[in-house]
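In: Could you work out the structure for the sequence below:
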Amino acid sequence: MTVSLRLLRTFPLRAPFAMFALAASLSLAACETPVNPLQGEHSVSDLYKAGMDQMKDENYGTAAKIFDAVEQQHPYSVWATRAQLMAAYADYQGLRYDDAIDALTRFIELHPGNPHVDYAYYMRALCYYEQIADIRRDQRASQQAYEGFTDVIRRFPETAYARDAAFKLDLTRDHLAAKEMDIGRWYEGQGNYIAAITRFKTVVDRFQTTSHVPEALERLTECYLGLGLKPEAQKAAAVLGFNYPNSPYYKQAYGLMTNGEIAHPEDKGIVTRVWDSLFY
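Out: Coordinates of the predicted model:
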């Protein structure tokens, strides 16, 4: 069974965004918005207020350009560093993921000790996550999201970002496993059992906590039988029976082992005995 994730748009934790917006509203409230903030030189306050106004109006592309102008025109201002994150957030909101990723990567490289660098790592992983496509397409974004969320959990384990990353990591892991299963089924259907086995073993070895493992073990049983490797088929069926005794895939594997060429009619307990002989 293929599990296809329907990824709804997930908005990031907004602590830095909210903080910067509040700071801007308090310190820039009295400023006049420039007629055209993208032409000529302007003060930090004018540019930042113009960027926040564009965000409010959901003109995210324009907002990102204005926040970039803050950094370009006032590189030594305290607002310049904040504007880098705001530009990335605006690109994210506008679904300009590649631009957001570039901005976040640059922020991480330039400001590794910034108190909001955890947000930058999380946002970058989230940009990859929201690009996860149907399992029939290339899964590079899934792998990058997986690596990104893993990095967030490793670097910032006590943060709210790590907790949310852990949840999204499970979905990403399941998606990667689904892709391996999809490719493996195709190979098996073509009679290329060795290639199929490689894919199914990847699911069993790398994605042990996903819902795809029982099917992967059952299909390993099928593929090994297709190659005439009866002992390997028995091992796969034994592991399936031990870990997922109530799974319908175990019943299928059991049927293959007991009703095919491998088992004699009286050999009803073959899966249990194989497990015992292998591990006890």
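In: The longest helix out of those in the chain: what's the following helix or strand?
Out: Secondary structure of the chain read by DSSP state H shows that its longest helix is helix 160-189. With elements assigned by DSSP states H and E, the helix or strand that comes after helix 160-189 is helix 193-206.
In: Next, the buried residues of that following helix.
Out: For helix 193-206, a neighbour-count test (16 or more other CB atoms under 10 Å) marks 193, 195-197, 199-204 as buried. C-beta coordinates here come from the backbone N, C-alpha and C atoms, glycine included.
In: Q143 and F200: what is the separation?
Out: The gap separating Q143 from F200 is 19 Å, by CB to CB, to the nearest Å.
In: if we can go back for a sec, can you redo the buried residues of helix 193-206 as TSV with distance to A166 and pLDDT?
Out: Below are the buried residues of helix 193-206 laid out as TSV (distance: CB to CB, whole Å; pLDDT from 0 to 100):
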residue	distance to A166	pLDDT
Y193	36	95
A195	33	96
A196	31	95
I197	31	96
R199	26	96
F200	26	96
K201	26	96
T202	22	95
V203	21	96
V204	22	95
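In: circling back to that earlier point, and the longest helix of the chain, what does it pack onto?
Out: Applying 3 or more CB pairs under 8 Å, 6 or more residues apart in numbering; DSSP states H and E, one finds that helix 160-189 makes contact with helix 117-129, helix 140-155, helix 193-206, helix 213-226.
In: swap the cut-off to 6 Å and go again
Out: When contacts are defined as 3 or more CB pairs under 6 Å, 6 or more residues apart in numbering; DSSP states H and E, helix 160-189 sits against helix 117-129, helix 140-155, helix 193-206.
In: which residues touch the residue nearest the centre of the chain?
Out: The centroid of the chain falls nearest to A145 when counting by CA atoms, centre = their mean (3.4 Å). Neighbouring residues of A145 by CB atoms under 6 Å, 6 or more residues apart in numbering: 125, 128-129, 172.
In: So how do I select the buried members of those in PyMOL?
Out: Buried residues among these (16+ other CB under 10 Å), as a PyMOL selection:
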select buried, resi 125+128+129+172
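In: Redo the contacts of A145 as CSV? Include distance to E232.
Out: Shown next, in CSV, are the contacts of A145 (distance: CB to CB, whole Å):
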residue, distance to E232
A125, 38
Y128, 36
Y129, 36
T172, 30
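In: Pick the one among the contacts of A145 closest to V152.
Out: A125 (5.9 Å; CB to CB).
In: for the closest one, what are its contacts?
Out: By CB under 6 Å, 6+ apart, the neighbours of A125 are 145, 148-149, 152.
In: Distance to F67 and pLDDT for the residues you listed - can I get that in a markdown table?
Out: Formatted as a markdown table, the contacts of A125 follow (distance: CB to CB, whole Å; pLDDT from 0 to 100):
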| residue | distance to F67 | pLDDT |
| --- | --- | --- |
| A145 | 25 | 91 |
| G148 | 23 | 95 |
| F149 | 26 | 95 |
| V152 | 23 | 96 |
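In: Out of those residues, which two sit at the greatest distance?
Out: Largest separation among those by CB to CB: A145 and V152, giving 10.6 Å.
In: what mean pLDDT would you report for stretch 113-132?
Out: Confidence over stretch 113-132 (mean pLDDT, whole number) is 92.
In: Any idea how far it is from the middle of the chain?
Out: Put simply, stretch 113-132 sits 11 Å off its chain's centre (CA atoms, centre = their mean, to the nearest Å).
In: Confirm for me that K179 is in contact with Q139.
Out: Yes - contact criterion CB atoms under 6 Å: K179 and Q139 qualify, at 4.7 Å.
In: what about those two, which has more around it?
Out: Neighbour count, other CB atoms under 10 Å: between K179 and Q139, K179 has more, with 25 against 22.
In: how close does that one get to D53?
Out: Taking CB to CB, one finds K179 at 42 Å from D53.
In: And for I183?
Out: Counting by CB to CB, the gap from I183 to D53 is 48 Å.
In: Have a look at the two and say which one is more surrounded.
Out: Between I183 and D53, I183 has the larger neighbour count (other CB under 10 Å), namely 19 against 16.
In: Return the residues in contact with the more buried one.
Out: By CB under 6 Å, 6+ apart, the contact set of I183 is R199.
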